[in-house]
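Novice: Have a look at this prediction, sequence included:
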Amino acid sequence: MSKANIDVEKILAGKYPAKAHTKRVVEYIRSKIPDATGVLYLEGRADKLLEDSDEPIPFRQRRAFMYLTGVDSPDCFLIYDIATAHSTLFIPPIDADSVIWSGLPLSPEEALAKYDVDAVLPSTELNPTLARLGSAPNATVFAIADRVSDAVTFLEFTNKDFTVLGEAVDECRVLKDEYEIALIKKANEISGVAHRAVLEKVRTAKNEYELEGVFVGTSISQGAKKQAYPSIVASGRAAATLHYVHNNKDLAGKDLLLLDAGAEYSCYAADITRTFPISGRFTEPSRAIYEIVLQMQTDCIAMLKEGVDWDEVHLLAHQIAIDGLLSLGILKGERKEILKARTSAAFFPHGLGHYLGLDTHDTGGHPNYSDPDPIFRYLRVRMKLPAGSVITVEPGIYFCEFIIKPYLKDPKHSKYIDEKVLDRYWDVGGVRIEDNLLITKDGSINLTDAIKDPDELEKIVFGS
């Protein structure tokens, strides 16, 4: 693994490479439908109001539209002519009433200068343009099912395909280009500053929601107005809940805080988890678990390179967890037998990581949530990792009574768990450490720089 040496600001000074993305999508479509021609049609998300209110629903652009346009604004449309490789962006015309409240929108000239498209027209020209293109002999339109508004019918097109375009975009999104990597790195840099701010505040905070406020506020102050996902700010035993969302419990008397939080920058996500002592000092049990999880992550990251089987990396994490829990006496017996019985899933019940990009849980991983093997059931990537993909590495060990108690009642598993030793660790709650890794031909590049060394964590928290 190497550190990221990416000139983020220089790269992001250019345009989002929408046309390059579109060409890759067309290549994918032609791999499924040789000599495919016609037009790609996509709609951005429309502006809508909240139910029973005149306030807008918070806007989140459709990711396929963002990928092929770079446009993070509502009520826009895209037509891409495959034969001519010509892209046309349709934007809302000026509405005088709207201007009074919201100001002038981008003009077509400004949009053409800002976005990587060939032409920009008002959306009033959308249907006439579709009618003209659809009148060509044997014309085909490729669109995404349930992503076409009622006002658009495609009546003039001979052929309509609502399947392959969505699949093509999902698969192409796995490989990130230089611009996308810079966006993810920028989101990580902002998130790293926000994670540091929480470390500096945690010792004097009274409640989880104070720390959520610190993270979100710091992200906004650094230029990220949106979060990639709802923050998980879990203290004490609450950290055993993987997607804890309450973020409202008092911190007094708690050992650890698990902070899983990442900013979104220009629609691209960071996904970072850190776990640290609220008091500034790890207890002996919490330090022991932290060291095991850190070893899980370190050794798994060392495996990463182009072509590595993600199943095998995930399996290594379980093997290290078993070794660590055996050394503490929580588990007992033979490592191979414990792994074969899948008893480690009681303590590490989730997958090692997932693709990251426009979505926190990004597309193209081909998970199998019906897998009967409990170790692999929640693994979100089931493939060999290609160079250019970005994946999270987020091992964890948790002490969740709801999950573990049934294992203690099952003779298949209970023979491998020392309940008396286990009782010392319930208050640890859970430990997870998560970084974002870019896969390369010979290894990986860590895009995350948030502190995770346990001694450094203690210094920052206690020193604050």
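Specialist: All right, it came through fine. Numbers count the residues shown, from 1 in each chain.

Novice: which ones are touching A131?
Specialist: With CB atoms under 8 Å, 6 or more residues apart in numbering as the criterion, the residues that contact A131 are 155-156. Bear in mind the C-beta positions are built from the backbone N, C-alpha and C, glycine included.

Novice: Next one: it from Y115, what distance?
Specialist: As for A131, its distance to Y115 is 24 Å (criterion: CB to CB, to the nearest Å).

Novice: same thing with A143?
Specialist: As it turns out, when the distance is counted by CB to CB, A143 lies 20 Å from Y115.

Novice: For the nearest residue to P277 once chain neighbours are set aside, grab phi and psi.
Specialist: Counting by CB to CB, 6 or more residues apart in numbering, P277 lies nearest to L256, which is 6.0 Å off, once chain neighbours are set aside. With angles defined as degrees, to the nearest 10, L256 shows backbone torsions of phi -110, psi 160.

Novice: The closest residue to V308 other than its chain neighbours: neighbour count?
Specialist: With CB to CB, 6+ apart as the criterion, V308 has its nearest non-adjacent residue at 5.4 Å, and that residue is L385. Around L385 sit 23 other residues, with neighbours defined as other CB atoms under 10 Å.

Novice: on that earlier part again, now do the same contact list for the residue nearest to P277.
Specialist: If you count contacts by CB under 8 Å, 6+ apart, L256 has them with 235-236, 239, 275-278, 282, 286, 428-431.

Novice: Out of those, which sit inside strands?
Specialist: Taking DSSP state E, the ones among the contacts of L256 that sit in strands are 235, 275-277, 430-431.

Novice: so can I have JSON lines of those residues showing distance to G396?
Specialist: JSON lines is the format used below for these (distance: CB to CB, whole Å):
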{"residue": "S235", "distance to G396": "16"}
{"residue": "T275", "distance to G396": "8"}
{"residue": "F276", "distance to G396": "14"}
{"residue": "P277", "distance to G396": "17"}
{"residue": "G430", "distance to G396": "6"}
{"residue": "V431", "distance to G396": "6"}
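
Novice: Of those, which pair is most distant in space?
Specialist: Largest separation among those by CB to CB: P277 and G430, giving 13.7 Å.

Novice: sorry, back to before: return the distance of the residue nearest to P277 relative to D72.
Specialist: Note on L256: its distance to D72, by CB to CB, is 36 Å.

Novice: And for K32?
Specialist: K32 sits at a distance of 29 Å from D72 (criterion: CB to CB).

Novice: Tell me which residues touch D255, please.
Specialist: D255 neighbours (CB under 8 Å, 6+ apart): 236, 277-279, 283, 286, 427-429.

Novice: Selecting buried members of these in ChimeraX, what would you type?
Specialist: Burial among these is assessed by 16 or more other CB atoms under 10 Å; the matching ChimeraX selection reads:
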select :236,277,278,279,286,427,428,429
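
Novice: L315: which of the contacts of D255 is nearest?
Specialist: V428 (24.1 Å).

Novice: ok, now which ones touch the closest one?
Specialist: If you count contacts by CB under 8 Å, 6+ apart, V428 has them with 239, 255-256, 283, 285-286, 289, 399.

Novice: Also F276?
Specialist: Applying CB under 8 Å, 6+ apart to F276 gives the contacts 199, 202, 256-257, 259, 457-458, 461.

Novice: Mind doing that once more with 10 Å?
Specialist: Taking CB atoms under 10 Å, 6 or more residues apart in numbering as the definition of contact, the neighbours of F276 are 195, 198-199, 202, 256-259, 282, 286, 290, 431, 451-452, 454, 456-458, 460-461.

Novice: what's near enough to touch the residue nearest the centre of the chain?
Specialist: Per CA atoms, centre = their mean, the C-alpha nearest to the average position across the chain is that of T360, at 1.4 Å. Neighbouring residues of T360 by CB under 10 Å, 6+ apart: 227-229, 262, 264, 269-271, 354, 392.

Novice: Need those residues in JSON lines (columns: pLDDT and secondary structure).
Specialist: Listed next are the contacts of T360 as JSON lines, based on pLDDT from 0 to 100; DSSP: H, G, I helix; E, B strand; the rest coil:
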{"residue": "Q227", "pLDDT": "98", "secondary structure": "strand"}
{"residue": "A228", "pLDDT": "98", "secondary structure": "coil"}
{"residue": "Y229", "pLDDT": "98", "secondary structure": "coil"}
{"residue": "G262", "pLDDT": "98", "secondary structure": "coil"}
{"residue": "E264", "pLDDT": "98", "secondary structure": "strand"}
{"residue": "A269", "pLDDT": "98", "secondary structure": "strand"}
{"residue": "A270", "pLDDT": "98", "secondary structure": "coil"}
{"residue": "D271", "pLDDT": "98", "secondary structure": "coil"}
{"residue": "H354", "pLDDT": "98", "secondary structure": "coil"}
{"residue": "T392", "pLDDT": "99", "secondary structure": "strand"}
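
Novice: for L331, what are its contacts?
Specialist: With contacts defined as CB under 10 Å, 6+ apart, L331 is in contact with 321-325, 338, 343-344, 346-347, 413, 416-418, 421-422.

Novice: Spatially, what comes nearest to it if we skip its sequence neighbours?
Specialist: L325 (4.2 Å).

Novice: Make sure the one you found is indeed in a helix.
Specialist: Yes. Counting by DSSP: H, G, I helix; E, B strand; the rest coil, L325 is found in a helix.
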